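Asks: Pasting a predicted model and its sequence here:
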Amino acid sequence: WSLVSTRSLFEHRAVVVGADRARILDELAGVAAGEPGAGVVVGRARPVGKTVFVFPGQGSQWAGMGVELLDTSTVFAEKMRRCDKALAEYVAWSLIDVVRRAPGAPDLDRVDVVQPVLWAIMVSLAELWRSAGVIPDAVIGHSQGEIAAACVAGALSLQDAARVVALRSRLVTQLSGAGGMASIACGLSRAQELVAASGDRLNIAAINGNSSIVVSGDMDALNELIQRCAADQVRARRIDVDYASHSGHVETIRAELLRLLASITPRSSSLAFISTVTGELMDTAGLDAAYWYKSIRQTVQFEQAVHTAFDHGYQVFVESSPHPVLVASIEETLANQEHSNDATVVPTLGRDDGALQRFWLSAGQAHVAGVQVDWAAVIGGGRQVALPTYGFVRRRFWLSEFDAAGGDVRRLGLAGAEHGLLGAVVQRPDSGEVVLTGHLSTAAQPWLADHAVSGVVLFPGAGFVELAVRAGDAVGCGVVEELTLSAPLVVPPLGAVQVQLVVGAPDTTGRRTLSMYSRPAQSVSGWTWHAEGLLGVGVVAAAADLSRWPPAGATP
């Protein structure tokens with residue numbers, strides 16, 4: 001708890017998950033030895049864009065999914081109970097009983113059972129991600145996964161979402177036995193050529209990636225397609241369903257579906273909703289009954305939806321499902337995208353691997369990639385303890401001296417400033433004043449570009465202090481008593497800025513005034529006043545010896 005709540009996060013990261021102290025110590029030893037074990041994720045964080053939660057359609061289910069989380073995660077269990085209550089009006093079985101495989105509960109091989117159960121689990125997993133501080137900025141749903149996406153986005157209430165998934169899946173049972181679906185490993189144009197011979201008996205059901213197409217339609221036509229694929233050496237496999245969604249078969253339930261869903265009240269959501277009906281962003285106020293018919297009838301434009309998300313700055317894709325079925329398609333789709341290395345794709349659980357520990361490993365995978373995870377909230381109830389300090393590498397990183405005059409200033413009758421930001425020191429014989437001059441630019445001092453605000457490079461406040469200290473050294477004043485900044489000093493992306501520090505004559509106590517000015521190099525325009533201060537005579541107390549830690553006499 002102390003490590004995640006009181007220490008800075010660095011670029012190189014590791015997350016260790018273990019059931020007990022001994023296991024965690026073993027995994028930590030593996031990290032230290034460069035041999036991370038199964039309970040460890042290691043990565044290098046980078047700036048990441050916005051986050052999109054992705055919800056798959058049917059296919060991620062497995063017997064026993066969700067059981068362990070019901071017993072170990074109060075967040076997941078509470079959301080599941082709310083989903084159970086919302087579904088109760090439309091189904092004759094208990095969600096919790098189905099998940100726990102209670103005696104008498106229906107099996108997941110029924111479409112009107114598996115789709116509502118998957119909806120509830122995906123929505124509850126999204127709530128678990130939120131409790132860990134991973135908040136979505138957008139959602140994408142694949143086929144029936146759009147119902148979960150709309151619910152998580154707030155476009156549909158939990159009750160309306162339960163109505164859509166329960167009643168629509170019940171109508172789908174009327175399609176059973178008349179058709180089927182198949183996945184073929186080729187691009188869209190090749191798939192269209194293969195399907196063309198079947199006429200209207202087959203439809204392109206889903207475009208999941210540039211080599212992943214789903215076809216839907218009549219059973220005999222599917223068998224013929226698979227034979228053609230085998231002859232053409234195109235990998236094809238039947239999907240384990242006995243109905244043909246996203247095909248003309250769905251038109252038989254259109255009227256009843258529109259009637260049953262007429263009462264839902266979709267609303268505009270605060271999260272972006274990327275439709276897989278269109279592949280584009282849409283206002284969720286349009287998620288009415290007609291939309292939910294199109295969602296099951298038309299081709300799933302998943303590949304286009306992923307492109308749209310990435311093009312709009314969504315670079316973190318979290319598949320909120322009991323088993324990752326879309327991760328590979330997302331990675332394949334983004335592989336040909338410019339800056340695809342900036343994307344992060346994270347699963348949630350895995351088949352027969354649905355414990356809370358599996359979720360923490362997925363959260364760790366997101367964390368090491370640079371996604372913000374609220375570990376302090378996750379762990380909770382911790383207390384701060386003493387931690388080892390950061391190990392000093394003891395390498396020198398002093399900046400090389402920069403000669404602002406571009407040559408030896410002594411040949412011009414000036415004193416060198418011997419400073420990385422200042423070039424010369426000029427003494428005024430008539431007034432006792434001293435002027436220090438120099439040039440600032442990102443070309444000469446590239447590290448200045450690290451201090452930018454909204455894309456504008458600003459000379460840092462610590463830099464003004466450094467200049468004041470150097471001015472004091474030049475006139476024998478060892479203390480900067482006052483320093484007030486009046487205007488920011490902008491360092492242009494091209495060219496340089498000329499700076500002058502004017503140190504006044506000493507007063508009766510030896511104190512001197514200090515003023516700092518700048519103007520664009522090679523300019524005859526007026527000077528901008530940036531700061532004023534007061535330099536005093538004295539000696540700064542010696543700093544503590546930090547080569548020993550903790551310092552002598554310190555108490556933890």
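Replies: Done, it's in. Residues are numbered from 1 along each chain as shown.
Asks: and the worst-scoring helix or strand of the chain on mean pLDDT, which strands flank it?
Replies: Of all the helices and strands that make up the chain, strand 415-416 has the lowest average by mean pLDDT, DSSP states H and E, namely a mean of 78. Sheet pairing here is set by DSSP bridges, and for strand 415-416 it gives strand 424-427 (antiparallel).
Asks: Output the partner strand as CSV - backbone C-alpha positions only.
Replies: The C-alpha trace of strand 424-427 is given here as CSV (Å, rounded to 0.1, in the frame of the first residue of the first chain):
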residue,chain,number,x,y,z
ALA,A,424,29.6,37.1,-20.2
VAL,A,425,29.8,39.5,-17.1
VAL,A,426,30.1,43.2,-17.7
GLN,A,427,31.1,45.6,-14.9
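Asks: before we move on, the earlier item: now the least confident helix or strand of the chain: how far from the chain's centre is it?
Replies: If you compare the mean C-alpha spot of strand 415-416 with that of the full chain, they lie 51 Å apart, counting by Cα atoms, centre = their mean, to the nearest Å.
Asks: repeat for stretch 467-483
Replies: Centroid displacement of stretch 467-483 relative to its chain, using Cα atoms, centre = their mean, is 45 Å.
Asks: cool, stretch 242-259 as well?
Replies: Mean-position distance between stretch 242-259 and its chain equals 37 Å (Cα atoms, centre = their mean).
Asks: now stretch 514-522
Replies: The gap between where stretch 514-522 is centred and where its chain is centred comes out at 42 Å by Cα atoms, centre = their mean.
Asks: repeat for stretch 340-357
Replies: Counting by Cα atoms, centre = their mean, stretch 340-357 comes out at 14 Å from the chain centroid.
Asks: For it, measure first residue to last.
Replies: End-to-end distance of stretch 340-357: 29 Å, with Cα to Cα, to the nearest Å as the criterion.
Asks: what mean pLDDT does that stretch have?
Replies: The average of the pLDDT scores along stretch 340-357 is 93.
Asks: Now do the buried residues in it.
Replies: Within stretch 340-357, the residues that qualify as buried are 342-350, 353-356, counting by 16 or more other Cβ atoms under 10 Å. C-beta coordinates here come from the backbone N, C-alpha and C atoms, glycine included.
Asks: Among these, which lie within strands?
Replies: With DSSP state E as the criterion, strands contain 344-346 from among the buried residues of stretch 340-357.
Asks: hang on, the earlier thing: export the buried residues of stretch 340-357 to CSV and tack on distance to residue 272?
Replies: As requested, those are arranged in CSV below (distance: Cβ to Cβ, whole Å):
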residue, distance to residue 272
342, 18
343, 17
344, 18
345, 18
346, 18
347, 22
348, 20
349, 25
350, 28
353, 31
354, 29
355, 32
356, 29
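Asks: Run a quick neighbour tally on residue 197.
Replies: Counted with other Cβ atoms under 10 Å, the burial measure for residue 197 works out to 12 neighbours.
Asks: Could you report the distance from the nearest residue to residue 100 once chain neighbours are set aside to residue 336?
Replies: Computed as Cβ to Cβ, 6 or more residues apart in numbering, the closest residue to residue 100 that is not its neighbour in sequence is residue 67, at 5.9 Å. Separation of residue 67 from residue 336 (Cβ to Cβ, to the nearest Å) stands at 39 Å.
Asks: what's the answer for residue 536, then?
Replies: Going from residue 536 to residue 336 by Cβ to Cβ gives 64 Å.
Asks: How far does the host helix or strand of residue 124 sit from its chain's centre?
Replies: Using DSSP states H and E, residue 124 sits in helix 111-131. Between the mean C-alpha location of helix 111-131 and the chain-wide mean there is a distance of 22 Å, by Cα atoms, centre = their mean.
Asks: cool, stretch 423-440 as well?
Replies: That offset, for stretch 423-440, works out to 51 Å (Cα atoms, centre = their mean).
Asks: tell me the average confidence for it?
Replies: Stretch 423-440 shows a mean pLDDT of 90 in the predicted model.
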